[in-house]
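A.B. asks: Fold the following for me, if possible:
(4 chains)
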4 protein chains.
Amino acid sequence: MTIDELQDLVTEFSRRRDWERFHTPKNLVMALSGEVGELTELFQWLNPEQSQALCDDEQDRVKVEHEVADVLIYLLRLAEVLDIDLGAAVQAKLLVNEERYPVELSRGRAAKYSELG
Amino acid sequence: MTIDELQDLVTEFSRRRDWERFHTPKNLVMALSGEVGELTELFQWLNPEQSQALCDDEQDRVKVEHEVADVLIYLLRLAEVLDIDLGAAVQAKLLVNEERYPVELSRGRAAKYSELG
Amino acid sequence: MTIDELQDLVTEFSRRRDWERFHTPKNLVMALSGEVGELTELFQWLNPEQSQALCDDEQDRVKVEHEVADVLIYLLRLAEVLDIDLGAAVQAKLLVNEERYPVELSRGRAAKYSELG
Amino acid sequence: MTIDELQDLVTEFSRRRDWERFHTPKNLVMALSGEVGELTELFQWLNPEQSQALCDDEQDRVKVEHEVADVLIYLLRLAEVLDIDLGAAVQAKLLVNEERYPVELSRGRAAKYSELG
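C.D. replies: Modelled structure (predicted):
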């Protein structure tokens, strides 16, 4: 499935409800943030191993999938109203990251924590 | 561009740096949350109109695109490690939302705020 | 009421439930983040004026107060387990900010957005 | 140190910079969320033990204290503009939580994850 197709589904859903009036970039960033908060709550008390096993339980998997979907839905809406091509944006950012985190220097080091000198 | 293709690019980027060891679901949820925080900071002091115009400035557009990309990158990684099909997850969630927010009752009402009775 | 007194109430609440075992700094940061997400959801669709008026409604005020309290509760717990003196930390940070945002240069300018300098 | 004293320091800091015009509740919630994002980034790649040891390093401790302080600063501002008494709000919420999570049923169980039936 392409990103464009997914984005059209989401935009159509909003349009039919006349929700576009609420979808300023600022509001959508907050909605995105709220959904990430809900996703966070599913994982907050789990240790690393439990977080890896959470989706083995079918009920928990559905919860996680719903929250992950909500995050993507608002991200698709945000990209739509800001006229951002998500595929191109990711590719452009990966190029930036290639320069910032050269393979040889970055291997096995958590980038954000132990910033590369 | 398909979601799968994008996901492969992102996974390959991590694999070459041996970063998969850090990518537990719990850690990725936090990384996603941190990136949404950076996106939030770009919009926090703007009024609705300013938020709509932010990307008219080319430098600001690049900043926003980079943060939006970072959010999607970690969401793609999270879906990968949890074996979630993002396209299917969004479609499934839209079906749930169709039931939860019928067009006739939801039109022009911000769903989360004025919860439908 | 002092911060210490408030912190003692919160710690005692956790201790009696034997929840301290879950309260690693990492988990508490996530819990804090989740609660900020819930607070965000109360404000996400509001325009500036509506956000200012939200607490005029008594039911909405209680909701906001509960979410604000949840945020502070986890912040107090986090400070406790990291042995951070919150009052001293705020005072120290305000000194840093005094240097970073001199009154004359910062007046009426949103600091994070239009970075000084 | 009392919460009121701390709040006065923070409000005075904003007032002298004429930043109150930016401090709508909506904007402050976003600023709070952005700061929690920065705090999250300090912990995102750490395992539980590393998260507990982070502040043993003096440089890391200062970073954490600054981010924790930023979170509290915006929370104090938000409470100020919404006229919320933080001490009273926490005490009221703890009473709600006492009912929601009775000691006998909650002991040793992560509340949000394994919801009490």
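A.B. asks: The lengthiest helix in chain A close to chain B?
C.D. replies: In chain A, taking DSSP state H as the definition, the longest helix is helix A:58-81. Yes - applying Cβ under 8 Å from any Cβ of the partner chain, one finds helix A:58-81 touching chain B at A:64-66, A:68-73, A:75-76, A:78-79, A:81. Every C-beta, even on glycine, is put in place using the N, C-alpha and C of the backbone.
A.B. asks: Please see if that helix touches chain C.
C.D. replies: No - for helix A:58-81, no contact with chain C is found by Cβ under 8 Å from any Cβ; the gap never falls below 9.6 Å.
A.B. asks: Quickly find the element holding the residue of chain A found nearest chain C.
C.D. replies: Minimum separation of chain A from chain C (Cβ to the nearest Cβ) falls at residue A:37, amounting to 1.4 Å. In the assignment (DSSP states H and E), residue A:37 maps to helix A:25-43.
A.B. asks: In the residues of helix A:58-81 next to chain B, which residue is surrounded by the most others?
C.D. replies: residue A:71 (31 neighbours; other Cβ atoms under 10 Å in any protein chain shown).
A.B. asks: Counting by contacts, list what the helix holding residue A:37 packs against.
C.D. replies: helix A:58-81, helix B:25-43, helix B:48-53, helix C:25-43, helix D:25-43 (3 or more Cβ pairs under 8 Å, 6 or more residues apart in numbering or on different chains; DSSP states H and E).
A.B. asks: The longest one vs chain D: in contact?
C.D. replies: No - applying Cβ under 8 Å from any Cβ, one finds that helix A:58-81 is not in contact with chain D, the shortest distance being 9.4 Å.
A.B. asks: immediately after that helix, which helix or strand?
C.D. replies: helix A:86-100.
A.B. asks: Next, the buried residues of the next helix or strand after that next one.
C.D. replies: As assigned by DSSP H and E, the chain's next helix or strand after helix A:86-100 is helix A:103-106. Across helix A:103-106, burial judged by 16 or more other Cβ atoms under 10 Å in any protein chain shown covers residue A:106.
A.B. asks: got the CA coordinates for helix A:103-106 in CSV?
C.D. replies: The C-alpha coordinates for helix A:103-106 follow below in CSV (Å, rounded to 0.1, in the frame of the first residue of the first chain):
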residue,chain,number,x,y,z
VAL,A,103,28.6,3.7,9.8
GLU,A,104,32.1,3.2,11.1
LEU,A,105,31.8,5.7,14.0
SER,A,106,28.2,4.9,14.9
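A.B. asks: That helix near chain B anywhere?
C.D. replies: Yes - against chain B, helix A:103-106 shows contacts by Cβ under 8 Å from any Cβ at A:103, A:106.
A.B. asks: what is the rounded mean pLDDT of that helix?
C.D. replies: Per-residue pLDDT over helix A:103-106 has a mean of 90.
A.B. asks: Just give me how far that helix sits from the chain centre.
C.D. replies: 26 Å (Cα atoms, centre = their mean, to the nearest Å).
A.B. asks: now do stretch A:96-114
C.D. replies: So, by Cα atoms, centre = their mean, the centroid of stretch A:96-114 is 21 Å from its chain's centroid.
A.B. asks: Next one: residue A:85 from residue A:93, what distance?
C.D. replies: 12 Å (Cβ to Cβ, to the nearest Å).
A.B. asks: When the two are compared, which one has more neighbours?
C.D. replies: Counted by other Cβ under 10 Å, residue A:85 and residue A:93 do not tie: residue A:93 has more neighbours, with 20 against 14.
A.B. asks: Surely that one and residue B:69 touch.
C.D. replies: Yes - between residue A:93 and residue B:69 there is a contact under Cβ atoms under 8 Å: 3.6 Å.
A.B. asks: Contact partners for the residue of chain A closest to chain C?
C.D. replies: B:33, C:33-38, C:40-41 (Cβ atoms under 8 Å, 6 or more residues apart in numbering or on different chains).
A.B. asks: and the angle from the helix holding residue A:37 to helix D:25-43?
C.D. replies: 50 degrees (axes from the mean of the first three to the mean of the last three Cα atoms, to 10 degrees).
A.B. asks: CA-only coordinates of helix A:25-43, as CSV, when you get a sec.
C.D. replies: Extracted in CSV, the C-alpha atoms of helix A:25-43 (Å, rounded to 0.1, in the frame of the first residue of the first chain):
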residue,chain,number,x,y,z
PRO,A,25,-1.0,22.2,11.9
LYS,A,26,-0.8,23.2,15.6
ASN,A,27,-3.8,21.2,16.6
LEU,A,28,-2.7,18.2,14.6
VAL,A,29,0.7,18.3,16.3
MET,A,30,-1.1,18.2,19.7
ALA,A,31,-3.3,15.4,18.5
LEU,A,32,-0.3,13.4,17.4
SER,A,33,1.4,14.0,20.7
GLY,A,34,-1.7,12.9,22.6
GLU,A,35,-1.8,9.6,20.7
VAL,A,36,1.9,9.0,21.3
GLY,A,37,1.0,9.5,25.0
GLU,A,38,-1.6,6.7,24.8
LEU,A,39,0.9,4.4,23.1
THR,A,40,3.5,5.3,25.8
GLU,A,41,1.0,4.3,28.5
LEU,A,42,0.9,0.7,27.1
PHE,A,43,4.7,0.3,27.5
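A.B. asks: Before I go, just wanted to say thanks for your time.
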